[in-house]
Structure formats: C-alpha cells, structure tokens
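Visitor: I'll drop the sequence and a predicted model, then ask my questions.
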Amino acid sequence: MTLDYALVVNGVRHQVRTEARKLLLDVLREDCGLTGPHAGCEHGVCGACTVLLDGRSVRSCLLLGIQAARGEVTTIEGLARGDELHPLQDEFSKHHALQCGYCTPGMILTALELLRDTPSPTEGDVREALAGNLCRCTGYQPIVEAVLAAAPRLRERR
C-alpha cells in the first residue's frame, strides 16, 4: 500500500509518496535526502537514528514515516544557521566529542532536548540523558564536557 503525505522536516514541507510500512528513518534518508539520522541497531537501542518530533527525541527506526506526518521533525541538518554551527555542534567540535561521527547526530539532538528542559544540568543529568545513545569511540567524557559547555551558551540565547 502506498501513501501520499506531507512531512515537515527542519521547517521545510516535504511531499512524500511511500509504502505505508516505510520507517521514518528511511523516509528521511531516502525521500527527504537527509542523511544525518543513521541506521545503527535498527531496534531503538543505540540512538544513532534519534531525531526530534515536536521537540521530543524519538528513534526514527521505530516509527513509521506516516506517524510523523502531523508533527514537525528536526534532524541534525536543521540546527546550523548557514555556516554558523549550533552551540552544541560547535562544542562537540571543540571538545573532540566526535570521532567517527556515527553517534553524533543522535547525541546532539538528545542533548538539545535535555538542555531545553534542564538549562543548567549537572554532569549526572547529562550522563542520564545520554544513557540511551551508544558511542564506541569517545568514552563519553568529551561528549559530556561538550554538552556542559554548550549549556550556558544556550541559556544566553533564550
């Protein structure tokens, strides 16, 4: 069964025609051309496919594309403003919190949700929020430091 529906991603309306069973992850990558969300475990465990749906982190490998049609999806591609990196992206770079980069989009979007809800997190808050996102390269410490460094920058933007 094929469906036609609109999907708003990073503020842009995409008209898609897909199979009813197509996952949001695949719709974003194949139909919208956004390769930031990555297919990792494809079971919702690793966090590589994390996107924001109406501001809340979701695993795009666990949702059908049609399930996001009434909301607004944010991917990593939607954070930078032109050549200006989002503060989280900038701090990840400064703190060497990205190595292979596979987990980075999911980590940043999860951290963005955390910092919106908890503008002054503790190290424990950051570690708890990111516990569902797996990284095989960094050992997590640089990621935690990057999120903590981005927190005051995001508070200033409010």
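Guide: Yep, it's here.
Visitor: From the chain's centroid, how far away is the strand or helix carrying Leu25?
Guide: Assigned by DSSP states H and E, Leu25 belongs to helix 24-26. How far helix 24-26 lies from its chain's middle: 13 Å, per Cα atoms, centre = their mean, to the nearest Å.
Visitor: model confidence over that helix, on average?
Guide: Mean per-residue pLDDT for helix 24-26: 98.
Visitor: Pull the residues that contact it.
Guide: 37, 39, 49, 51, 58, 60-61, 63-65, 67-68, 73 (Cβ atoms under 8 Å, 6 or more residues apart in numbering). Quick note: C-beta positions are derived from backbone N, CA and C, even for glycine.
Visitor: Quick check: the two most widely separated of the residues you listed?
Guide: Pairwise distances across these peak at 17.5 Å for Ala39 and Gln67 (criterion: Cβ to Cβ).
Visitor: Output the contacts of helix 24-26 in a markdown table, with secondary structure, distance to Ile108 and pLDDT appended to each entry.
Guide: Listed next are those as a markdown table, based on DSSP: H, G, I helix; E, B strand; the rest coil; distance: Cβ to Cβ, whole Å; pLDDT from 0 to 100:
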| residue | secondary structure | distance to Ile108 | pLDDT |
| --- | --- | --- | --- |
| Pro37 | coil | 11 | 98 |
| Ala39 | coil | 17 | 96 |
| Cys49 | coil | 13 | 98 |
| Val51 | strand | 11 | 98 |
| Val58 | strand | 15 | 98 |
| Ser60 | coil | 14 | 98 |
| Cys61 | coil | 17 | 98 |
| Leu63 | coil | 19 | 97 |
| Leu64 | strand | 24 | 97 |
| Gly65 | helix | 22 | 98 |
| Gln67 | helix | 23 | 97 |
| Ala68 | helix | 19 | 98 |
| Val73 | strand | 15 | 98 |
